[in-house]
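> Next input, structure requested:
(2 chains)
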Amino acid sequence: MHMPNKYFMVSLLLTAFLSPLYVSAQTPEQRGLEISQEADRRGSGFDDFRAEMEMILKNRRGDESRRYIRVMGLEVEGDGDKGLSIFDEPADVKGTAMLTYSHKIETDDQWLYLPALKRVKRIASRNKSGPYMGSEFAYEDLGSQEVEKYTYKYLRDEVFQGMDCFVVERYPVDKYSGYTRQVTWIDKAEYRPQRTDYYDRKNGLLKTLTFTGYKKYLENHWRPDEMFMENHQTGKTTRIVWKNYRFRTGLNDRDFQVNDLKRAR
Amino acid sequence: MFISRAFIVNVVVAMTMFFCAAAVEANSKLSYLQVGVFSNKAAAKNILQQLESSGFNAEQRTIDMIGRPAVVVLVGPFERTSQALYDQRRLRDIGWPATVKRFLPLPKPKPSTFRAAASGSLTAELRAFVDDPLYPEQHDSTMSLAVQPEFHLSWNDRKSSLTFVPFVRMGDEDEERNHVDVRELMWINAMDDWELRLGVGKVFWGVTESIHLVDVINQVDLVESPDGEEKLGQPMLNLSRFTDWGTWDLFVLPLFRERTFAGVNGRLRGPLVVDTGLDALYESDDEEKNIDWAVRWSHYIGDWDIGLSHFSGTSRVPEFVAISATTLLPRYNLIDQTGLTLQALLGDWAWKLEATSTEEKDQRYTQAVAGFEYTHVGVFDSSMDLGILLEYLYDERAEMAPGPFEDDVMVGLRWVFNDMQSSEILMGAISDLDGGAISSSVEASRRLGQSLKLALEYRGTSSIEASDPAYMIRKDDYFQLELGYFF
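Coordinates of the predicted model:
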């Protein structure tokens, strides 16, 4: 009667002693991936959305230029999302439309419709590191952020703007990415990205993106009202103001066809 | 007896209707969260706004409360009670306890999908020629204004639309350049996998940069630009079918458009002036009313795009017949032309091919253009892209070809700045491999502010032999400055 009790105590002690070891057996890579998967899980399930996006571009001198773009998105089971953007402003590109089929691992498919020429042009998604409409956002910053597009590493916990955050570093899988790494701040409460630092190919700090004004849509979908990108190397900034977010609007595959680009407007 | 039976029937009908109505009403009630009832309208409005800014779908309704109007603030409706309970917790978390109640949803006004939009451009153009003209009627420079408004109506959730794009150029020294065209007047109707286009429009099939051999639907508006990229609106019926194995297009083209040519006062012409005022000559007995048709299949497989087309009808490219010492008449032959486009996007390389096989006056000939565009993204550690283009142009008819390109190489450079002003420069030179003639062009453009665009263009030729068709425009190198206002 005495012996089993002793064994019990020993095993209890052992468990207590070993369990922190067990937790730390999870590598920072696994932890980073886990956090990103959770963030992705919480961000998915919206089916489809429509929104309007105003981009305000500013250079170091304070010159301003605006873009007005209507955006539609569709979640695709087992693959990356589909997206359609229609440009309303500046007026000289009015009616230009861009269709993207993003993929988890392979490079995305992308088409551009140029209304003046009536030309549907397949574009090399290799240009993903290039600026989107002359802004500080690259195509890859605005594209569908599939978990598989990066590898991850959990760095630390940190308070960012009063929020308890995970700080996770991620490394683009695609060799054509313009970045060596990105450091993201994800709040622990809702797993929303709050800030991302982008490091260029020479591993120098290039840009910082901050998300503000998160609002909840549907049951549990958070979207920021504003995304602010600052380029530390050029002093240029781009502010994206999201308007009129609508979810589950009944969009389907038919609304994201290459042929429909000509009628997008 | 008769009356009482009618009475009973009436009662039965009335009761049935009453129960049906009640049932419908009960069934169509949905869950709402009632946040509060307010006698003060301003207070209700304030709370409504707070709820909306927190991302809730809130609404207010006026009800009668013991003989006085009161405002109910609701969040909802919710299809499922579980959703209501979820939002009830969210409301409680931010300090708004609410109760679940069932209300009839307000009849949601179905958003009208009717859209009307007007846009367009107004462009001032200055063209200055480098050399003195060859012919005394011609000018050294010319200024003109081009207007291209666009009116667009769409309805039926964008599945139906009507677009009207007229074009007018005025003020040019060359009366033939001062012209009016309907670039587009198109009624579009999309039904699932089908699309019907009826009216006047433009169709683009090409993939290469130097020339577009396969684009056979539209006539070239040559007075607009000697590069042949400007097109006249073509009357058509176009039926498209979208399948998993590509897109199938059928075109019926009932009315032929004559090519535009520079007039007596215009530059970029030969010693003889093409008279477009007289009736052109046609091989077809139906002349310009010959019904042309075309079919096309296009598809993309992985990184590859493919298009196969066939056209049967009056060629858009004329021959010329001299009818006097100073005048030419265009003659348009009947052709059967099969076209192929291929494009492969492989990393930084875009490989392109356009080829046509044409039967004209019992002769068959092949034309082709093939090459690549290599793009260096982020050149010089900047956000600029630099593209290098190389294309080979071939025409089986060699020296007999009506165009200047039969054994030529095009070298081009595309410099995209990716800046706020969308600055871009495209330079190109086409060199004849056996003659040595070179025609070159530079096109640069940049946005100014939000709605102006400045474009600079140069086109010139050098070392042209007298046998080359381009010999006629050897003194017509020009610079062109365009300032466009877009609205």
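
> so residue A:235, which of the three states?
coil (DSSP: H, G, I helix; E, B strand; the rest coil).

> give me the number of residues near it?
11 (other CB atoms under 10 Å in any protein chain shown). Any C-beta I mention is one placed from the backbone N, CA and C, and that applies to glycine too.

> wait, isn't it in contact with residue A:59?
Yes. Assessed by CB atoms under 8 Å, residue A:235 is found in contact with residue A:59 at 7.4 Å.

> Number of residues surrounding residue B:384?
18.

> ok, and the closest non-adjacent residue to it?
Leaving aside its chain neighbours, residue B:384 sits nearest to residue B:417 (5.3 Å; criterion: CB to CB, 6 or more residues apart in numbering or on different chains).

> Over to residue A:35?
Leaving aside its chain neighbours, residue A:35 sits nearest to residue A:166 (5.1 Å; criterion: CB to CB, 6+ apart).

> So for that neighbour, what's the pLDDT?
At residue A:166, the pLDDT value in this model is 95.

> For residue B:290, which residues are in contact?
Going by CB atoms under 8 Å, 6 or more residues apart in numbering or on different chains, residue B:290 touches B:256, B:282, B:284, B:313, B:314, B:334.

> Let me see the backbone angles for the nearest residue to residue B:364 once chain neighbours are set aside.
Nearest-residue entry for residue B:364: residue B:357, 6.5 Å, with adjacent residues in sequence omitted and distances by CB to CB, 6+ apart. For residue B:357, the backbone dihedrals (degrees, to the nearest 10) come out as phi -120, psi 120.

> Provide a list of residues in contact with residue A:112.
A:96, A:97, A:98, A:120, A:121, A:123.

> what does residue B:353 give?
B:207, B:208, B:340, B:341, B:342, B:343, B:368, B:369, B:370.

> again, but for residue B:306
Going by CB under 8 Å, 6+ apart, the list of residues near residue B:306 reads B:298, B:299, B:300, B:340, B:341, B:342.

> same thing but at 7 Å, please
Contacts here follow CB atoms under 7 Å, 6 or more residues apart in numbering or on different chains; on that basis residue B:306 touches B:298, B:299, B:341, B:342.

> Quickly list what the first one is bridged to.
Translated: residue B:298. Residues in a beta bridge with residue B:298, per DSSP bridges, are residue B:247, residue B:307.

> residue of chain B with the smallest distance to chain A?
Relative to chain A, the nearest point of chain B is residue B:486 (3.5 Å; CB to the nearest CB).

> phi, psi of the residue nearest to residue B:384?
Dihedral pair for residue B:417: phi -80, psi -20, per degrees, to the nearest 10.

> That one contacts residue B:423, doesn't it?
Yes. Using CB atoms under 7 Å, residue B:417 is in contact with residue B:423, at 3.9 Å.

> For the stretch 201-350 of chain B, what lies in contact range of chain A?
Residues of the stretch 201-350 of chain B lying close to chain A by CB under 7 Å from any CB of the partner chain are B:202, B:203, B:204, B:240, B:242, B:247, B:305, B:343, B:345, B:347, B:348, B:350.

> So among the residues you listed, where is pLDDT lowest?
Among these, residue B:347 carries the lowest pLDDT, at 83.

> and that residue, how many residues sit next to it?
Close neighbours of residue B:347, defined as other CB under 10 Å, add up to 13.

> same deal with the one 3 residues further on?
Using other CB under 10 Å, the number of residues around residue B:350 comes to 24.

> Run through the chain and note the low-pLDDT ranges.
No chain in the question, so chain A it is. Regions of chain A meeting the criterion pLDDT under 70 cover residues A:1-25, A:125-127.

> my bad, chain B
Residue ranges of chain B with pLDDT under 70: B:1-27, B:108-111.

> domains for it, by residue range?
Annotated domains of chain B cover B:12-103, B:115-486 [automatic domain parsing].

> re earlier: counting only strands, which of the contacts of residue A:112 make the cut?
Those of these mapping onto strands are A:97, A:98, A:120, A:121, A:123, per DSSP state E.

> Apart from its neighbours in sequence, what residue is nearest the first one?
Nearest residue to residue A:97, sequence neighbours excluded (CB to CB, 6+ apart): residue A:264, at 3.8 Å.
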